[in-house]
Each structure stands twice: as structure tokens, then as C-alpha cells.
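Asks: Sequence and predicted structure, then a few things I'm wondering about:
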Amino acid sequence: MPWWFLRRRGKLAVSTPASVGGGGWRLGEVMLPRLRGQRRYLQEHPYLLPKDLGEINRLDFQHYMIRAALRGNYLAPIEQPRRILDVGCGTGQWAIELAQQFSQAEVIGLDLEQARNRSSAPPNYRFVQGDVLEGLPFEENYFDFVHQRLLILAIPLAAWPGTVQELARVTAPGGWIELVESSISPNDFVPCGPAMRQLLNWMGQLAALRGLDAQGVVMQSLERYLAEAGLINIQRHVLEWPIGDWGGRLGSLGALDLKEAARAVSAPVAARFGISEQEVLTVIEQASQEWNELQTRGYLVVVYGQKPLAR
Ligand SMILES: C[S@@+](CC[C@H](N)C(=O)[O-])C[C@H]1O[C@@H](n2cnc3c(N)ncnc32)[C@H](O)[C@@H]1O
């Protein structure tokens with residue numbers, strides 16, 4: 001039985017540390033204080049980033065940036081989906097735009113918490129509270145399109161295969177799953193200067209304490225996860241992303257987003273490594289100068305696949 005299903009009965013305390021892999025998993029380290037500095041973090045979930053207004057604004061900004069880079073909201077060759085699910089929907093913006101585009105479809109955004117009340121959302125959109133690590137609250141073969149974007153700092157490495165199988169369970173035969181991910185490994189920022197390496201090292205150690213992937217393994221394994229879940233017609237697209245003003249508008253936006261994401265964990269990093277938050281912020285500044293000097297690039301990987309038609 002996958003370790004996270006055990007949480008249904010006993011929460012994180014009964015999960016098996018050894019199965020999570022990568023440096024152990026102690027409850028005391030999993031739980032961040034709810035507030036650190038001005039930021040609010042979720043307790044009892046592996047998710048590393050804050051849940052607050054600052055993060056909502058960053059996610060909205062990031063959504064428009066990714067949409068511009070992809071020239072759309074998805075790459076899978078979907079046609080007229082009747083039911084669409086966005087797992088870890090964040091602000092809900094992606095799902096709301098899909099609901100506007102496919103006004104006949106039922107569109108659901110699922111997340112641990114609703115980011116904000118969307119009174120302006122179209123009537124065919126609805127938010128469902130849920131935890132993908134505990135299984136999705138939907139019957140099998142329900143959705144024609146299942147999308148999951150940027151849960152690298154939310155799903156422990158050992159839970160990825162089971163999570164993708166869960167996405168496949170709720171996908172209808174002939175339907176599509178699309179996964180969009182990045183990495184926090186220094187190998188996935190090229191070239192990676194010393195300050196950026198230090199920053200990613202801190203973040204990586206913090207992530208590994210929750211069993212999260214700090215080595216870029218998930219980004220490399222998305223196709224395998226889909227194949228193991230029984231999907232076919234799998235395609236992988238790699239977007240190389242300039243970071244810094246040297247890379248034009250997309251580069252400037254990418255740098256802003258990355259800086260904000262790093263600042264989002266500056267307080268937990270400082271607390272974990274016994275340094276001042278100012279020290280972390282200084283390294284973030286140094287890293288952002290390096291991005292321009294070295295012309296650093298990051299990567300976004302989009303992988304999609306189709307559930308075979310039932311025979
Ligand atoms: C980095 S944000 C990405 C949001 C959105 N997918 C996007 O691309 O804008 C990750 C989201 O996953 C959600 N999340 C984290 N752990 C989750 C879990 N176990 N189940 C469902 N959602 C989760 C967080 O609350 C957050 O909204």
C-alpha cells in the first residue's frame with residue numbers, strides 16, 4: 001500500500017520514513033510553524049511554499065508568464081473535453097480560463113485550500129478541497145483532461161508514481177493527462193554560479209527533509225510515471241527558460257518569479273540553518289546578479305499522455 005494512503009488513518013505520524021527516501025522524515029521537521037516572519041505555511045503537509053496573499057500574487061504572475069511561454073494553457077491535443085480537472089490548482093486561474101474556453105465542460109480545480117473566493121468564476125467552474133496524496137475524491141474514468149502543474153515542492157519523490165496512477169485512475173479512456181514541472185537541482189540551472197548553488201543547496205536540503213525531490217529526478221521521470229500508469233502517446237516538451245534581463249521580457253519575468261519563490265522560503269531556510277534571514281536575502285540578490293552575468297537558463301518540462309480506450 002502506498003505510504004500516503006496510510007495517512008488517511010493516522011496522518012503523517014504513521015507514514016514510514018524509510019519509504020520516503022532521501023535523508024529521513026521526522027515529524028518535527030515536517031511541521032513548520034504556521035507563521036514565520038510575515039508568511040503563512042501549511043502544517044501537516046510536505047508542501048514547502050507559503051499559502052498567503054504574497055504567494056497568490058506570485059502564482060498569478062507565474063501563470064501568465066507560463067501561458068505566454070507555452071502560447072496557451074496546455075500542449076496536449078485535447079478536443080472537446082466534457083470534464084477537466086486541475087490538481088493543485090493554486091489560484092484557480094488556469095482552471096477558470098479552461099472553463100471559459102470550454103464553456104460546455106465541467107471544470108474542477110482541486111487544492112488543499114481555496115486561495116480566494118472567485119465570485120467572477122464562470123458557472124461551469126468549481127473548487128473542490130482535497131489532498132492528492134490521500135487519493136482524489138472522484139470516481140474512476142471521470143475526466144477527459146487532467147492537468148497538474150508545479151507540484152515538485154508538494155509531492156514527495158516516493159509518492160510520484162502512485163500520484164500519477166491516481167491521476168490515471170480518474171482519467172477517462174481516451175482522455176489526456178498533462179504534467180508540467182521544473183526542478184530545484186543546480187544541474188537544471190545552466191550555468192549555475194556559486195550564490196545560486198548555495199541558494200539551491202539550502203532549498204534542496206529543506207525539500208529533502210520532507211522527502212521532496214531536490215535532484216531533478218521528477219522532471220526526468222515524468223514520461224516513465226505516465227507509462228507505468230498505463231498511458232500511451234506520451235510526448236515530452238522541454239522549454240529552456242532565460243533567467244534575467246539578458247533574456248528579454250521572458251527572462252526578466254522569470255527572474256522576478258524565481259526571486260520571489262526564493263524569498264518565499266527565506267525564513268524557513270534561515271531557521272533551519274541557523275542564519276539570519278538577511279543573510280539568505282543577500283544570497284538571493286547575489287544569485288540574481290549571477291543570472292545576468294552568466295546568462296543562466298532554467299527549464300520547464302511539459303509531458304502529456306493518453307489513457308488507452310477500453311477494449
Ligand atoms: C506551486 S503551486 C502551483 C499552483 C498551480 N498549479 C499553478 O501552476 O499556478 C502548488 C499548489 O499545489 C497545492 N498543493 C500542495 N500540496 C498539495 C496536495 N497534497 N494536494 C493538492 N494540492 C496540493 C498548493 O496548495 C499550491 O496551491
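Replies: That came in fine, so what should we check first?

Asks: what pLDDT, on average, does stretch 279-292 get?
Replies: In this model, stretch 279-292 carries a mean pLDDT of 98.

Asks: so how far is it off the chain centroid?
Replies: Chain-centre distance of stretch 279-292: 23 Å, with Cα atoms, centre = their mean, to the nearest Å.

Asks: Equivalent analysis for stretch 44-58, please.
Replies: On Cα atoms, centre = their mean, the centre of stretch 44-58 falls 11 Å from that of its chain.

Asks: first to last residue in it, what's the distance?
Replies: One end of stretch 44-58 sits 23 Å from the other (Cα to Cα, to the nearest Å).

Asks: Mind listing what's buried along that stretch?
Replies: By neighbour count on 16 or more other Cβ atoms under 10 Å, the buried set for stretch 44-58 is 45-52, 55-56, 58. C-beta here means a position set from N, CA and C on the backbone, and glycine is covered the same way.

Asks: Tell me how far the residue of the stretch 151-300 of the chain found nearest the ligand lies from residue 45.
Replies: Closest residue of the stretch 151-300 of the chain to the ligand, Cβ to the nearest ligand atom: residue 154 (3.4 Å). Using Cβ to Cβ, to the nearest Å, one gets 7 Å for the distance from residue 154 to residue 45.

Asks: Out of the buried residues of stretch 44-58, which are close to the ligand?
Replies: Residues of the buried residues of stretch 44-58 in contact with the ligand (Cβ under 6 Å from any ligand atom): 45, 47, 49, 51.

Asks: So which bits of whichever strand or helix holds residue 304 are buried?
Replies: Assessed by DSSP states H and E, residue 304 sits inside strand 297-306. Within strand 297-306, the residues that count as buried by 16+ other Cβ under 10 Å are 297-306.

Asks: mind listing the strands for the stretch 151-300 of the chain?
Replies: Counting by DSSP state E, counting those that start in this stretch, the stretch 151-300 of the chain has strands at residues 171-181, 232-242, 297-306.

Asks: Show me what residue 235 bridges to in the sheet.
Replies: residue 304 (DSSP bridges).

Asks: number of nearby residues for it?
Replies: Other residues lying near residue 235 total 15 when counted by other Cβ atoms under 10 Å.

Asks: if I pick it, what's in contact with it?
Replies: When contacts are counted by Cβ atoms under 8 Å, 6 or more residues apart in numbering, residue 235 touches 75, 303-305.

Asks: nearest to residue 247, of these?
Replies: Within these, proximity to residue 247 (Cβ to Cβ) peaks at residue 75, which comes in at 21.4 Å.

Asks: Can you name the residues that contact that closest one?
Replies: 178, 235, 237, 302, 304.

Asks: Now the fourth one. Nearest residue, chain neighbours left out?
Replies: With Cβ to Cβ, 6 or more residues apart in numbering as the criterion, residue 302 has its nearest non-adjacent residue at 4.5 Å, and that residue is residue 237.

Asks: then the helix or strand containing residue 148 to CSV, C-alphas only?
Replies: According to DSSP H and E, residue 148 maps onto strand 143-149. Extracted in CSV, the C-alpha atoms of strand 143-149 (Å, rounded to 0.1, in the frame of the first residue of the first chain):
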residue,chain,number,x,y,z
PHE,A,143,-12.2,13.4,-16.6
ASP,A,144,-11.3,13.8,-20.2
PHE,A,145,-8.4,16.1,-19.3
VAL,A,146,-6.3,16.1,-16.0
HIS,A,147,-3.7,18.8,-15.6
GLN,A,148,-1.1,19.1,-12.8
ARG,A,149,1.4,21.9,-12.8
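
Asks: Pull out the buried residues from it.
Replies: 143-149.

Asks: Same question for stretch 152-164.
Replies: For stretch 152-164, by 16+ other Cβ under 10 Å, it's 152-160, 162-164.

Asks: on that earlier part again, the residue of the stretch 151-300 of the chain closest to the ligand: what's its closest spatial neighbour, skipping adjacent residues?
Replies: Leaving aside its sequence neighbours, residue 154 sits nearest to residue 47 (Cβ to Cβ, 6+ apart; 4.4 Å).

Asks: Regarding that neighbour, what is its secondary structure?
Replies: coil (DSSP: H, G, I helix; E, B strand; the rest coil).

Asks: Could you verify my assumption that it touches residue 131?
Replies: No. At 9.8 Å, residue 47 does not count as touching residue 131 under the criterion of Cβ atoms under 8 Å.
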